[in-house]
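**Student:** Pasting the sequence and the predicted model now:
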Amino acid sequence: MNDRLRPLSRFLLGLSKEYVAGVLFGTQTDTDDITGRTMSEQPVTCLSPELVRTALGRFTGEIEQVPPAYSALKQDGQPLYRLARRGQEIRPKSRKVMVYELELLGWEPPTATIRCRVSAGTYVRALARDLGTSLGTVATLASLVRTKVGQ
């Protein structure tokens, strides 16, 4: 990275972010996104747009979030993803993050498209995983596009 841009990138990292995310219900992966190894699959025949919207409301505001095992956060001085790749036990610590807005943009079973406006440090992969759990199933992040940084 150009040395003149480095201070700017640090500033941008701390700003809120907005994303459009595809959440695939019924599939759980070890990375919490579609690139990971499938850990389990469950039917999702009972989900509806109304149930997904209601669940999204439960994740708005300040929430406790357990980061994905495959993340750059550190445990004992090592990035979690390195430990996970070696098959070591991962113990990500729960942390508070802010979810400003969640909006269901589309529903094509078993995938929901949602718009998320979140604080820095929020893992949308973990949000997808937790959304699935709250609806009595599993879920993984199928797609993610950052649409905004800051205001």
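**Tutor:** Received, thanks. Numbers count the residues shown, from 1 in each chain.

**Student:** for the protein, which spans come out with low pLDDT?
**Tutor:** Along the chain, the parts satisfying pLDDT under 70 run over 1-13, 83-84.

**Student:** how about the strands in it?
**Tutor:** Remark: strands assigned in the chain by DSSP state E are 17-25, 27-29, 38-41, 61-65, 74-75, 78-79, 95-108, 111-118, 139-149.

**Student:** Can you tell me, leaving aside adjacent residues, what's nearest to residue 105?
**Tutor:** Leaving out its chain neighbours, the residue that sits closest to residue 105 by Cβ to Cβ, 6 or more residues apart in numbering is residue 113, at 4.5 Å. From N, CA and C alone the C-beta is placed, and that goes for glycine too.

**Student:** What about the closest residue to residue 28 other than its chain neighbours, how many residues nearby?
**Tutor:** Nearest residue to residue 28 in three dimensions, chain neighbours excluded: residue 138, at 3.6 Å (Cβ to Cβ, 6+ apart). Around residue 138 there are 21 other residues, counting by other Cβ atoms under 10 Å.
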